[in-house]
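S.K.: Using only what follows, build the 3D model:
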Amino acid sequence: MASPSIAGNSGVVVATTGAWLVFGASGYIGGHLVPKLLAEGRPVRAAARDPRVLEGRGWAGAELVRGDALDPDTLGGILAGVDVAYYLVHSMAAGQGFSGLDREAARNFGAAASAAGVRRIVYLGGLLPEGAESEHLVSRADTGAVLRECGVPVTEIRAGIIVGPGSAAFEVIRDLVNNLPVMITPRWVRSRAPPIALGNLLEYLARVAELSETAGETYDVAGPEMLSYEDLMRQFGDIVGRRPRILPVPVLSPGLSSFWLGLVTSVPTPVAKALIGGLAHDIPAHPEALRALVPQRLLSYREAVKASLDTERENAVASRWVEGALMFRGFRPDHAYYAKKASGTALSDAPPEAVWAVVNSIGGGNRYFYMNFLWSIREFLDWILGGPGWSRGRRDPAHLRPGDYVDSWQVVAMEPPGRLTLGFGMRAPGSGVLEFEIEPGAGGTRITVTTFWHPAGVWGLLYWYASAPFHLLIMGGMAERIARRSETLDGP
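M.R.: Residues are numbered from 1 along each chain as shown. Now for the predicted structure:
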């Protein structure tokens, strides 16, 4: 996302020579902070639990490393030579007990950063209203406190609703507006908070690490408006051409609200539940201190929404499936950002090249390796609805290239002999991807087959829930059959 224009800087800038570690680079903040720092010429080290998820981001010049704050053995090496470390991880998706995991992770990371001689930790927390009892909000504050105990100077930035693609709060708003013409909502839609544009937040994060006076300080950040969640939904609706009717009622408890969001949005249920807990009251901010140190033009909420949609279009093309990439959502911003997914895996004694040869033969006369009668039924139903499902065939029976059609699928990306990504072409309420990943290892070659589904509204969610049991069965069966067939190819 392009940064807003900067009016100047009144702080004392500190020269840095070491690496800048973005810990949590696979998240939505880290995923945008890395390219910003690279564009500024920073030596960036991007860390994730599985660095393979970063390989399709196109971050030329970034060092991709594995790091897990709950596994201290992975931290020492990635923190060596680091000058500034951004700590951007949380455990909300783990569900019940995530706050304990957050404290343990922060303790491990802080100790490793201290041992490595890191000059500064920059931590992104959340705004904390007075008297807050939400586990989500309290956990974010506790994480900052644990990090400060390590002895490394910590700069904590506290933000509320972040308006940008991938932000859980923003995606809840997007899904609700796109999916529901009429909403029966809990009273928390009248709670007010100051949303901040992702670009404004990234500028604060990049600049505070340079300023000597921000060491050991905590700052609130906020946009120029204090808006209710009802306001946010209505304004988003204006921008995308929808007019939702919002009917607040007093009977929806936080538990019922989170369950309801899990049914009508694609945001992971544990994340939605954690967010709901913090929406019972207004969340004010006191952003004046950092505004004085890092002046910039703050985008209004409407401007931030438009910038978010523009960012998605700019980053539409990806070399493999990436959460939220617009090309895998059918270039449809109204299709859910977060994907539902089902996966199966198997080991083969054959080398990766043999497994790739089998994967490369999918479709056409070779069909889909497992339960082909179910594939045929789905193709027939698509044909009845006027779709391309009964169109079978491929350009070459043994080799694929990007852009090829495999029956009703299209090859959207391939990295021989490691990955093949097919785009779903049949009629359905949403956008789908089928991806094959091949990894060599000590125990053999692992083949993983995953289907990703970006629902279009409630019908897209219902379609997924109805088909998910079949997807789980088929993905596992496909992986197993591919593994066994590749061993036959590799035999004497």
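S.K.: what packs against the helix or strand hosting residue 467?
M.R.: For residue 467, the host element (DSSP states H and E) is helix 457-489. Applying 3 or more C-beta pairs under 8 Å, 6 or more residues apart in numbering; DSSP states H and E, we find helix 457-489 packed against helix 168-179, helix 254-264, strand 340-348, helix 352-359, strand 430-441, strand 444-455. Heads up, the C-betas are built off the backbone N, CA and C, glycines and all.
S.K.: Need the mean per-residue confidence for the second one.
M.R.: Mean pLDDT, computed over helix 254-264, is 66.
S.K.: going forward, begin numbering at 15 instead of 1
M.R.: Let's use 15 as the start, then, which means that last one is helix 268-278.
S.K.: rewinding a little: would you turn the helices and strands packed on helix 471-503 into CSV with distance to residue 141?
M.R.: Converted to CSV, those look like this (distance: least, C-beta to C-beta, whole Å):
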stretch, distance to residue 141
helix 182-193, 12
helix 268-278, 18
strand 354-362, 30
helix 366-373, 47
strand 444-455, 34
strand 458-469, 30
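S.K.: Lowest mean pLDDT across these, which one is that?
M.R.: helix 268-278 (a mean of 66).
S.K.: which residues sit in contact with the spatially closest residue to residue 125 that is not a sequence neighbour?
M.R.: Computed as C-beta to C-beta, 6 or more residues apart in numbering, the closest residue to residue 125 that is not its neighbour in sequence is residue 164, at 5.9 Å. By C-beta atoms under 8 Å, 6 or more residues apart in numbering, residue 164 lies in contact with 121, 123-125, 127-128, 135.
S.K.: since we're on residue 75, how many residues are nearby?
M.R.: 13 (other C-beta atoms under 10 Å).
S.K.: The one 5 residues further on now?
M.R.: Other residues near residue 80 number 15, with proximity taken as other C-beta under 10 Å.
S.K.: Could you do residue 341 as well?
M.R.: For residue 341, the neighbour count with other C-beta under 10 Å is 17.
S.K.: And stretch 296-315, what's buried?
M.R.: For stretch 296-315, the buried set under the neighbour-count rule, 16 or more other C-beta atoms under 10 Å, comprises 297-299, 301, 304, 307-308, 310, 312-315.
S.K.: so for that stretch, what's the average pLDDT?
M.R.: 94.
S.K.: start to end distance for it?
M.R.: Stretch 296-315 has an end-to-end distance of 17 Å (C-alpha to C-alpha, to the nearest Å).
S.K.: Please compute how far that stretch lies from its chain's middle.
M.R.: Here stretch 296-315 shows a centroid-to-chain-centroid distance of 25 Å under the convention C-alpha atoms, centre = their mean, to the nearest Å.
S.K.: same check, this time on stretch 176-185
M.R.: In terms of C-alpha atoms, centre = their mean, the centre of stretch 176-185 is set 10 Å apart from its chain centre.
S.K.: picking up where we left off before, of all the contacts of residue 164, which comes closest to residue 428?
M.R.: residue 123 (36.6 Å; C-beta to C-beta).
S.K.: and the helix or strand harbouring that closest one, what does it pack onto?
M.R.: Assigned by DSSP H and E, residue 123 falls within helix 112-130. In this structure, helix 112-130 packs against helix 89-93, strand 96-101, helix 149-162, with contacts taken as 3+ C-beta pairs under 8 Å, 6+ apart.
S.K.: Quick one, which of those gets closest to residue 281.
M.R.: Of all those, helix 149-162 sits nearest to residue 281, with 13.4 Å by C-beta to C-beta.
S.K.: what mean pLDDT does the next helix or strand after that closest one have?
M.R.: Downstream of helix 149-162, the first helix or strand assigned by DSSP H and E is strand 168-173. Average pLDDT, strand 168-173: 96.
S.K.: Quick check: what element follows strand 168-173 along the chain?
M.R.: strand 176-177.
S.K.: Quick check: mean pLDDT of that following strand?
M.R.: Strand 176-177 comes out at a mean pLDDT of 94.
S.K.: Equivalent analysis for stretch 89-96, please.
M.R.: For stretch 89-96, mean pLDDT is 95.
S.K.: Just the CA atoms of that stretch, as PDB, please.
M.R.: Extracted in PDB, the C-alpha atoms of stretch 89-96 (Å, rounded to 0.1, in the frame of the first residue of the first chain):
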ATOM      1  CA  LEU A  89      15.100 -17.700  17.600                       C
ATOM      2  CA  GLY A  90      18.800 -17.300  18.300                       C
ATOM      3  CA  GLY A  91      20.000 -17.600  14.700                       C
ATOM      4  CA  ILE A  92      17.400 -15.300  13.200                       C
ATOM      5  CA  LEU A  93      18.100 -12.600  15.700                       C
ATOM      6  CA  ALA A  94      21.900 -12.600  15.300                       C
ATOM      7  CA  GLY A  95      23.000  -9.300  13.700                       C
ATOM      8  CA  VAL A  96      19.500  -7.800  14.000                       C
END
